[in-house]
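Trainee: Build the 3D model from these lines:
(one chain, ligands or ions: 2)
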Amino acid sequence: MSENKKSEKIVGVKGMNDILPADAPLWELFENTVQTVLKSYGFQQIRTPIVEPTALFARGLGEVTDIVEKEMYSFTDSMNGDQLTLRPESTAGVVRAALEHNLTYDGPKRLWYQGPMFRHERPQRGRYRQFHQVGAEAVGFTGPDIDAELIMLCQRLWDDLGLDNIRLELNSIGDAEERHRHRADLVSYFEQHRDLLDADAQRRLYSNPLRILDTKNPTMQEMVNAAPKLLDYLGPESRAHFEGVQNILRHSNIPFTINPRLVRGMDYYNRTVFEWVTDQLGSQGTVCGGGRYDPLVEMFGGKPTPACGFAMGVERLLELMKASGEQYAPNQCDAYLVHQGEAAQLQAFVLAERLRDAGLDVVLHCASANTGGSFKAQMKRADASGAAFAVIFGEDEVANGTATVKTLRSDDPANNQQTVGFDAVVDYLVDQIVSGGEQDHGHDHDHAGHVHYKH
Ligand code: ATP
Ligand code: MG
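Mentor: Ligands and ions are numbered 1, 2, ... in the order given. Below is the predicted model:
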């Protein structure tokens, strides 16, 4: 390797983002809220591998979907020749796992997941090549009740996240036979308007005409609006199911609009489909999509098992949270321990552990390449850490069996330093933090010493 190559900077993959420490508190707030809400509806978390056999997606999502046609990161395992894919979504993997482990042997299951997904798309605002989803899959439920519950769960999550600009669009795409009849009429309608179809639509005319309804091309809107509506083809059972969902939502005061053109990208959906959309994110305004996918388990070789779920785009929701001015605590700690000399360092280690035992977040000064060990340099670090207090051990403190506690976020600089006996420091700091410093401090400690972000 040449010298030149060695020192060349390696940068991350295009469209795949680093989530930096400054954003971590927002992610944590989101993830904690998600976890709490899902748990409150009885959903249990499932974690499946990021890599799955390519066949899982080809079979599960359908060969002529955007994802399978052009967005998958697929590769051959060089060790054994297996065809593998980085998961572009998680429904297929969760259903595979549910089947493989016979999770529904004793009844239906409410499952949820979170994690990175991979799609080779053109990176832009709200559209990345590695992005994150939170999703829920309710496997083994037949009625409209679970569809409505999944939607209500989302509404509660938006409320808890402080998001009030997300609206619900709802549709039913019926069952396979109903779609078949609609499709025949749709294709002949599009054939009559062939001159208006763009290249994408031409390509899909016979392979996936339903998808044409989902076009974002403005010159096709009028023609598409007047196309035969799937809703008009629903039989009594599909109609009753759709009515059932709407009844529960109306009764629960969840507003929605019916969008007869709403379809989902994957082949496995039937009956209820829904999307949560916002006008605040430009053209990438869909923050969550879901629906019923009764045929999928059977497509994977399982017994017929109805199911329903959704997936939400975490990056898009976080952008909304930022736009809504949601407050969240920046990275910070309770105390930064400053020390000078070997004996002081050993004392600092002992105290740091005691403070952590009491539930406090503590940063102990450690040697580093760019910070000198001087008292002044350490105090600068303490300030930068966002800590509420510095606890200082110098020669005097060690000799006297004390520590100096300095308030770093005080309005009253004259009265900000206190000498405290070594064994009293823990109680003193816990007292200070529980009683006073919270306003500047940004988080509370409960009795168990857990930290809650204020928002
Ligand atoms: P779109 O029409 O925007 O491509 P989609 O129908 O492909 O969305 P789904 O497969 O339903 O999206 O995924 C559910 C959610 O995941 C989307 O509503 C969106 O919020 C998010 N999402 C999908 N693709 C991306 C991506 N490339 N980057 C960021 N978020 C995404
Ligand atoms: Mg897409």
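Trainee: any weak-confidence spans in the chain?
Mentor: For the chain, applying pLDDT under 70 flags the ranges 1-5, 265-267, 326-331, 411-415, 436-455.
Trainee: from it, which residue is nearest to ligand 1?
Mentor: Residue nearest to ligand 1 within the chain: Gly313 (2.3 Å; C-beta to the nearest ligand atom). Placement of C-beta: from N, CA and C, glycine included.
Trainee: how much space is there between that residue and Gly290?
Mentor: For Gly313, the distance to Gly290 equals 12 Å [C-beta to C-beta, to the nearest Å].
Trainee: what about Ala344, how many residues close to it?
Mentor: Ala344: 21 surrounding residues under other C-beta atoms under 10 Å.
Trainee: again with Val11
Mentor: 6.
Trainee: next one: the one 4 residues further on
Mentor: When counting by other C-beta under 10 Å, one arrives at 17 neighbours for Gly15.
Trainee: That one contacts Arg125, correct?
Mentor: No: using C-beta atoms under 8 Å, Gly15 is not in contact with Arg125, being 11.8 Å away.
Trainee: Ser283 touches Lys216, doesn't it?
Mentor: Yes: Ser283 is in contact with Lys216 according to C-beta under 8 Å; the separation is 7.2 Å.
Trainee: Tell me, how many residues neighbour Gly341?
Mentor: Counted with other C-beta under 10 Å, the neighbours of Gly341 add up to 14.
Trainee: If we ignore the residues flanking it in sequence, what's nearest it?
Mentor: Distances taken as C-beta to C-beta, 6 or more residues apart in numbering put Glu395 closest to Gly341, at 5.8 Å, once the chain neighbours are dropped.
Trainee: isn't that neighbour right next to Gln340, touching?
Mentor: Yes: Glu395 is in contact with Gln340 according to C-beta under 8 Å; the separation is 6.8 Å.
Trainee: Compare those two (neighbour count), which wins?
Mentor: For Glu395 versus Gln340, the count of surrounding residues by other C-beta under 10 Å is larger for Gln340: 20 against 11.
Trainee: Phi, psi for that one please.
Mentor: Main-chain dihedrals, Gln340, degrees, to the nearest 10: phi -140, psi 120.
Trainee: If we ignore the residues flanking it in sequence, what's nearest it?
Mentor: Nearest non-adjacent residue to Gln340, counting by C-beta to C-beta, 6+ apart: Gly394, 4.8 Å away.
Trainee: Contact residues of this structure facing ligand 1?
Mentor: When proximity is defined by C-beta under 6 Å from any ligand atom, the chain lies next to ligand 1 at 89, 119, 121, 126-128, 131, 133, 265, 284, 286-289, 311-313, 315-316.
Trainee: Okay, and which of those residues map to helices?
Mentor: Those of the residues of the chain next to ligand 1 mapping onto helices are 315-316, per DSSP state H.
Trainee: Can you tell me which of the residues of the chain next to ligand 1 are buried?
Mentor: Buried members of the residues of the chain next to ligand 1, counted by 16 or more other C-beta atoms under 10 Å: 89, 119, 121, 126-128, 131, 133, 265, 286-289, 311-313, 315-316.
Trainee: in what helix or strand does Leu26 lie?
Mentor: In the assignment (DSSP states H and E), Leu26 maps to helix 24-40.
Trainee: ranges for the helices of the stretch 51-200 of the chain?
Mentor: For the stretch 51-200 of the chain, applying DSSP state H, counting those that start in this stretch gives helices covering 54-61, 66, 91-100, 144-160, 176-192, 199-204.
Trainee: which element follows the last one toward the C-terminus?
Mentor: Using DSSP H and E, the helix or strand that follows helix 199-204 in sequence is helix 209-212.
Trainee: Show me the contact partners of that next one.
Mentor: Residues outside helix 209-212 that contact it (C-beta atoms under 8 Å, 6 or more residues apart in numbering) are 173, 179, 183, 186-187, 190, 197, 200-201, 204-205, 220, 224, 230, 263, 265.
Trainee: Name only those of those that count as buried.
Mentor: Buried members of those, counted by 16+ other C-beta under 10 Å: 173, 179, 183, 186, 190, 197, 201, 204-205, 220, 224, 230, 263, 265.
Trainee: What residue, apart from its backbone neighbours, is nearest Ala311 spatially?
Mentor: Nearest to Ala311 is Gly135, by C-beta to C-beta, 6+ apart, at 3.8 Å.
Trainee: dump the residue contacts of the most centrally placed residue in the chain.
Mentor: Nearest to the mean C-alpha position of the chain, counting by C-alpha atoms, centre = their mean, stands Val314 at 3.5 Å. Counting by C-beta under 8 Å, 6+ apart, Val314 touches 27, 30, 114, 131-134.
Trainee: Identify, from the contacts of helix 209-212, the entry nearest to Gln83.
Mentor: Gly265 (22.0 Å; C-beta to C-beta).
Trainee: and the helix or strand where Thr272 lies, which residues are buried?
Mentor: Per DSSP H and E: Thr272 is located in strand 270-277. Using 16+ other C-beta under 10 Å as the test for burial, strand 270-277 gives 270-277.
Trainee: with the residues you listed in mind, which one is nearest to Pro144?
Mentor: Among the buried residues of strand 270-277, Thr272 lies closest to Pro144 (C-beta to C-beta), at 7.2 Å.
Trainee: sorry, back to before: I'd like to know which elements the strand holding Thr272 is packed against.
Mentor: Helices and strands touching strand 270-277, as assessed by 3 or more C-beta pairs under 8 Å, 6 or more residues apart in numbering; DSSP states H and E, comprise helix 144-160, strand 167-172, helix 236-251, strand 286-292, strand 307-313.
Trainee: May I have the strand or helix carrying Ala344 exported as CSV, CA atoms only?
Mentor: Ala344 belongs to helix 342-357 when assigned by DSSP H and E. The C-alpha coordinates for helix 342-357 follow below in CSV (Å, rounded to 0.1, in the frame of the first residue of the first chain):
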residue,chain,number,x,y,z
GLU,A,342,-1.9,9.9,42.9
ALA,A,343,-3.6,9.7,46.3
ALA,A,344,-6.3,12.1,45.1
GLN,A,345,-6.9,10.1,42.0
LEU,A,346,-7.5,6.9,44.1
GLN,A,347,-9.9,8.8,46.4
ALA,A,348,-11.7,10.1,43.3
PHE,A,349,-12.2,6.6,42.0
VAL,A,350,-13.7,5.5,45.4
LEU,A,351,-16.1,8.5,45.5
ALA,A,352,-17.1,8.1,41.8
GLU,A,353,-18.3,4.6,42.5
ARG,A,354,-20.2,5.6,45.6
LEU,A,355,-22.0,8.4,43.7
ARG,A,356,-22.9,6.0,41.0
ASP,A,357,-24.2,3.6,43.6
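Trainee: immediately after it, which helix or strand?
Mentor: Using DSSP H and E, the helix or strand that follows helix 342-357 in sequence is strand 362-364.
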